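Undergrad: 3D, please:
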Amino acid sequence: MIDFSKSKRWFQLPKDSIYLNGNSLGPMPKNLPHRLQRTLTDEWGEKLIAAWNDAGWMEQPLRVGEQICPLIGAESGQVIAGDTLSIQLFQALSAALNLRPNRKVILSEIGNFPSDLYIAAGLVRLLDRDYELRLVPTEEISENISSEVAVLMLTEVDYRTGRRHNMQALTRLAHDVGALTVWDLAHSVGAIPVDVEAANVDFAVGCTYKYLNAGPGAPAFIYVAENHLHRIEPTLTGWLGHRAPFDFEQTYCAANGIARMRIGTPPVLEMTALECALEIWQHANIHDVYRKSCELTEQFMAGVKTKCPELSLVTPINASERGSHVAFRFSEGYAVIQALKARGVIGDFRAPDLMRFGIAPLYNDAADIVRAIDNIAEIITNKLWDKAAYKKRQLVT
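TA: Here you go, the predicted structure:
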């Protein structure tokens, strides 16, 4: 069992702040600066190019992938890290489509994360052979999984509302008609238990800068099911996905297994930050984290509902149907979030009117929730958000 009274000490957090925004960017692990300094000084500084071999830089994407495997229920050798989430999603989608050459439809929901939809739409334009990105309302996904569908592409936890799809049930429906699945775990990994093997998922991708606390722009990861590993044909075929990259052959020949999903040179400093952040999970159990998350989110939802009836909860009440962030709808939500930040309570806003609050038990506790509720209630009740400075939109909301 995790001692949650001590885990907050693992992170660098501003004094007197209540950080409820780990669903966007996790806080920095306290030991990360020392680890990065070691990489800069002892590895890059002293070893120079020899560090690719001597410091294990070249194997880092595979090594980090192994650390992520238990967090998503994957077997060894099925996860690799190193590129951005957008690139990993493109790789997964294109590989899945190649496995279903006689089907032309990517099925997703209207409210999926826009970047995922942009990537899918761009891939459809690139292929230009009657391919279609078909978007349907969330409640109509099941009935639209048909024999036309090549790939079902969904984000397990909705980035706005925190609503959670039943990954196992929807994957089963897709497989029943011969379709494959690509799941985005951006708001799942590190927040809720994930078991891609039990759900029989084909492909999954996820970022690491949210609940895994690896830092802004940290590398993403990709998972490929064992039965696809040795026959997938990635569309982006970079040199490090080659079976022998330093033979510099003119013709591409894919590496074995998950290594074929590599593309270019790994970002060593960012990967080092991720590797360091993942060390926390040697001491933290995701099931303990999830249980505590359910307690805190229920406390938060109930408290805000009681003290702020003006706010409309859009996150499911049932714990099994949500992730680890809570969202409320309010017409002046942006201004409320800015007023809260001025008091050291940090959440974020998603257009047009959603206030989001991420609950991360490794550094949030019941006292934080009480203080956050009290601050929200005071700001709403006394209309303290109604200031011009709070209504001026910044680039990042």
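
Undergrad: At which residues are the strands of the stretch 1-150 of the chain located?
TA: 11-12, 18-19, 28-29, 79-81, 105-109, 132-136, 149-155 (DSSP state E, counting those that start in this stretch).

Undergrad: just the stretch 151-300 of the chain next, same as before
TA: Under DSSP E, counting those that start in this stretch, the stretch 151-300 of the chain gives strands at 180-184, 203-206, 221-224.

Undergrad: Mind listing the strands the first one pairs with, and their directions?
TA: Going back to what we said before, that points to strand 180-184. When sheet partners are counted by DSSP bridges, strand 180-184 sits next to strand 149-155 (parallel), strand 203-206 (parallel).

Undergrad: quick revisit: single out the most deeply packed of the strands of the stretch 1-150 of the chain.
TA: Among the strands of the stretch 1-150 of the chain, judged by mean count of other Cβ atoms under 10 Å, the one packed with the most neighbours on average is strand 79-81 (a mean of 28). Just so you know, the C-beta spots here come from the backbone N, C-alpha and C atoms, and that holds for glycine as well.

Undergrad: The strands of the stretch 1-150 of the chain: which one's closest to residue 254?
TA: strand 79-81 (13.2 Å; Cβ to Cβ).

Undergrad: what's the model's confidence in that closest one, averaged?
TA: For strand 79-81, mean pLDDT is 97.

Undergrad: Need the single longest helix in the protein, by residues.
TA: Among all segments of the chain classified by DSSP state H, the helix with the greatest residue count is helix 286-307.

Undergrad: Go ahead and produce CSV holding the CA coordinates of that helix.
TA: The C-alpha coordinates for helix 286-307 follow below in CSV (Å, rounded to 0.1, in the frame of the first residue of the first chain):
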residue,chain,number,x,y,z
ILE,A,286,-2.0,2.0,-9.9
HIS,A,287,-4.8,0.2,-8.2
ASP,A,288,-4.1,2.0,-4.9
VAL,A,289,-3.9,5.3,-6.8
TYR,A,290,-7.2,4.6,-8.5
ARG,A,291,-9.0,3.7,-5.3
LYS,A,292,-7.8,7.0,-3.7
SER,A,293,-8.7,8.9,-6.8
CYS,A,294,-12.3,7.6,-6.6
GLU,A,295,-12.5,8.8,-3.0
LEU,A,296,-11.1,12.3,-3.8
THR,A,297,-13.2,12.8,-6.9
GLU,A,298,-16.3,11.8,-5.1
GLN,A,299,-15.5,14.2,-2.3
PHE,A,300,-14.8,17.0,-4.8
MET,A,301,-18.0,16.4,-6.9
ALA,A,302,-20.2,16.3,-3.8
GLY,A,303,-18.7,19.3,-2.2
VAL,A,304,-18.9,21.5,-5.3
LYS,A,305,-22.5,20.4,-6.0
THR,A,306,-23.6,21.3,-2.4
LYS,A,307,-21.9,24.7,-2.3
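
Undergrad: hmm, who's touching that helix?
TA: 1-2, 4, 71, 190-194, 311, 313, 315, 317, 319, 322, 324, 326, 328, 357, 359-362, 364-366, 369-370, 372-374, 376-377, 381 (Cβ atoms under 8 Å, 6 or more residues apart in numbering).

Undergrad: just to revisit the earlier point, between the strands of the stretch 151-300 of the chain, which one is closest to residue 57.
TA: Of these, nearest to residue 57 by Cβ to Cβ is strand 221-224, at 17.4 Å.

Undergrad: Output the contacting helices and strands for that closest one.
TA: helix 60-72, strand 79-81, helix 85-99, strand 203-206 (3 or more Cβ pairs under 8 Å, 6 or more residues apart in numbering; DSSP states H and E).

Undergrad: rerun at 10 Å
TA: Here strand 221-224 touches helix 60-72, strand 79-81, helix 85-99, strand 180-184, helix 196-199, strand 203-206, going by 3 or more Cβ pairs under 10 Å, 6 or more residues apart in numbering; DSSP states H and E.

Undergrad: Would you tell me which of these gets closest to residue 389?
TA: Among the helices and strands packed on strand 221-224, helix 85-99 sits nearest to residue 389 (Cβ to Cβ), with 33.4 Å.

Undergrad: Quick check: mean pLDDT of the closest one?
TA: Helix 85-99 comes out at a mean pLDDT of 96.

Undergrad: before we move on, what about stretch 352-359?
TA: Across stretch 352-359, the per-residue pLDDT values average to 96.

Undergrad: and if you look at stretch 192-200?
TA: Here the average pLDDT along stretch 192-200 is 98.

Undergrad: Now do the contacts for residue 257.
TA: Residue 257 sits next to 62, 77-78, 80, 224, 226, 229-230, 232 when contact means Cβ atoms under 10 Å, 6 or more residues apart in numbering.

Undergrad: Just the buried residues of those residues.
TA: Among these, those classed as buried by 16 or more other Cβ atoms under 10 Å are 62, 77-78, 80, 224, 229, 232.

Undergrad: which one is the residue positioned nearest the centre of the chain nearest to, not counting chain neighbours?
TA: For the chain, residue 186 is the residue whose C-alpha lies nearest the centre (Cα atoms, centre = their mean; 1.5 Å). Using Cβ to Cβ, 6 or more residues apart in numbering and skipping the chain neighbours, the partner closest in space to residue 186 is residue 207 (4.8 Å).

Undergrad: Quick check: the one you found touching residue 88?
TA: Yes: using Cβ atoms under 10 Å, residue 207 is in contact with residue 88, at 8.8 Å.

Undergrad: Distance to residue 48 added to the strands of the stretch 1-150 of the chain, as TSV?
TA: What follows is the strands of the stretch 1-150 of the chain, written out as TSV (distance: least, Cβ to Cβ, whole Å):
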stretch	distance to residue 48
strand 11-12	30
strand 18-19	38
strand 28-29	27
strand 79-81	24
strand 105-109	45
strand 132-136	46
strand 149-155	41
